[in-house]
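>>> Next comes the sequence, and after it the predicted model I'd like to discuss.
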Amino acid sequence: MQIVSLTAKPTMLDPSAPEALRKAWGGRDVIWLAPGQAAEFSLDQVPNDLRARWQDFQTKGIDLNILPAENRRKKMLLADMDSTMIRQECIDELAEVAGVGARVKEITARAMNGELDFEGALTERVSLLRDLPESVIAEVIETRITLMPGGPELLATMKAHGAYCALVSGGFTAFTGMIAARLGFDENRANTLLAADGKLTGEVGRPILGRDAKVQALEEITAKLGIAEADVIAVGDGANDLGMLGRAGAGVALHAKPSVAAECDIRINHGDLTALLYLQGYSRAEFQI
């Protein structure tokens, strides 16, 4: 049994859209999880015209995804941070303050699109932050970092249903610690910006946490919890997230770079992080805040 999930921004999902698709595909009754925003129905097998239908719905601002009906509500959330749980890329924000924003943003974009080696790109960008006062980190957190919409609801709802939540980032512990505490993550892993005499040294602690380390986190945490990788929903947007997205029971590409989205079966391009709850079958009435 498969679940056809349709999600969009609030009020953007016309009631006629899921009903027309249900009739075309011979699905069962439409269930509304949130009026005007999320609906689903079940069917026995994936139709041959899925790709064409997906493209049509994208033009209407609707995300169409198909997932197995079994084991929908996951026991663990594994999330990227930059441009996933927060709107920004932390290193880009630090670079803006340091006066090297344009150069660092260019490297970041290429790295997240898979055009550059992640570790090399990170060390190059961090080197450009040399001699930046360490106090700038707190300033950036306070004035330039904002949460991605839907994040508080996602964490609160999954945790209320017993899920374990881990934040795993190629960014920096100074930021993941703050975001983890604010949203209620059970643990966080990231890279460490090195400092001396109150200034950044332009170096990052070793080993560098990248794509392989995110997969390692998936393996280690599921083993610790005694759950299967199929019990995990993972979310990210960059090339270094592909490993964990491919291994998790549900790997969600959220507003992802084109090269990343192309390799993922579950894509959210229009909704916010609450879409991960709808994908798991939660209704709006079940959300915690």
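Yep, it's here.
>>> ok, now how distant is Ala8 from Asp272?
10 Å (C-beta to C-beta, to the nearest Å). All C-beta atoms are positioned from the backbone trio N, CA, C, and that covers glycine.
>>> more crowded one of the two?
Remark: of Ala8 and Asp272, Ala8 carries more neighbours, 23 against 18, as counted by other C-beta atoms under 10 Å.
>>> dump the residue contacts of the more buried one.
Residues near Ala8 by C-beta atoms under 8 Å, 6 or more residues apart in numbering: Gly36, Gln37, Ala38, Gly61, Ile62, Asp63, His270, Gly271.
>>> again, only using 10 Å
14, 17, 34, 36-39, 57, 60-64, 270-271, 275 (C-beta atoms under 10 Å, 6 or more residues apart in numbering).
>>> neighbours around the spatially closest residue to it that is not a sequence neighbour, how many?
Once flanking residues are discounted, Ala8 sits nearest to Ile62: 4.6 Å by C-beta to C-beta, 6 or more residues apart in numbering. Ile62 has 23 neighbours, counted by other C-beta under 10 Å.
>>> Kindly export the helix or strand encompassing Ala121 (C-alpha atoms) in PDB.
Take DSSP states H and E as the rule and Ala121 turns out to sit in helix 118-127. The C-alpha trace of helix 118-127 is given here as PDB (Å, rounded to 0.1, in the frame of the first residue of the first chain):
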ATOM      1  CA  PHE A 118      33.100  19.700   1.100                       C
ATOM      2  CA  GLU A 119      36.200  19.500   3.300                       C
ATOM      3  CA  GLY A 120      38.400  21.500   1.000                       C
ATOM      4  CA  ALA A 121      35.600  24.100   0.600                       C
ATOM      5  CA  LEU A 122      35.100  24.400   4.300                       C
ATOM      6  CA  THR A 123      38.800  24.900   5.200                       C
ATOM      7  CA  GLU A 124      39.100  27.500   2.400                       C
ATOM      8  CA  ARG A 125      36.100  29.400   3.700                       C
ATOM      9  CA  VAL A 126      37.200  29.200   7.400                       C
ATOM     10  CA  SER A 127      40.600  30.500   6.400                       C
END
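>>> returning to that earlier point: quick one: contacts for the residue nearest to Ala8?
Residues counted as contacts of Ile62 (C-beta under 10 Å, 6+ apart) are 6-9, 12-14, 17-18, 21, 39, 54, 56, 269-271.
>>> How about the backbone phi and psi for it?
Reported as degrees, to the nearest 10, the phi and psi values for Ile62 are phi -120, psi 130.
>>> measure it to Ala109 for me?
Distance of Ile62 to Ala109, given as C-beta to C-beta: 27 Å.
>>> same question, Leu33
34 Å.
>>> Do you have the helices of this structure handy? List them.
Secondary structure of the chain by DSSP state H: the helices cover 16-25, 50-59, 90-98, 101-112, 118-127, 136-144, 151-160, 173-183, 211-225, 242-247, 258-261, 275-279.
>>> for the first one, packing partners?
Counting contacts by 3 or more C-beta pairs under 10 Å, 6 or more residues apart in numbering; DSSP states H and E, helix 16-25 is packed against strand 2-8, strand 38-43, helix 50-59, strand 62-68.
>>> Report the mean per-residue pLDDT for it.
Helix 16-25 comes out with an average pLDDT of 97.
>>> Outline the domain layout of this structure.
1-70, 73-289 (automatic domain parsing).
>>> list the contacts for the nearest residue to Asp82 once chain neighbours are set aside?
With sequence-adjacent residues excluded and distances taken as C-beta to C-beta, 6+ apart, Asp82 is closest to Glu89, at 4.6 Å. Residues in contact with Glu89, defined by C-beta under 10 Å, 6+ apart, are 81-83, 95, 104-105, 108-109, 111-112, 125, 170-171, 237-238.
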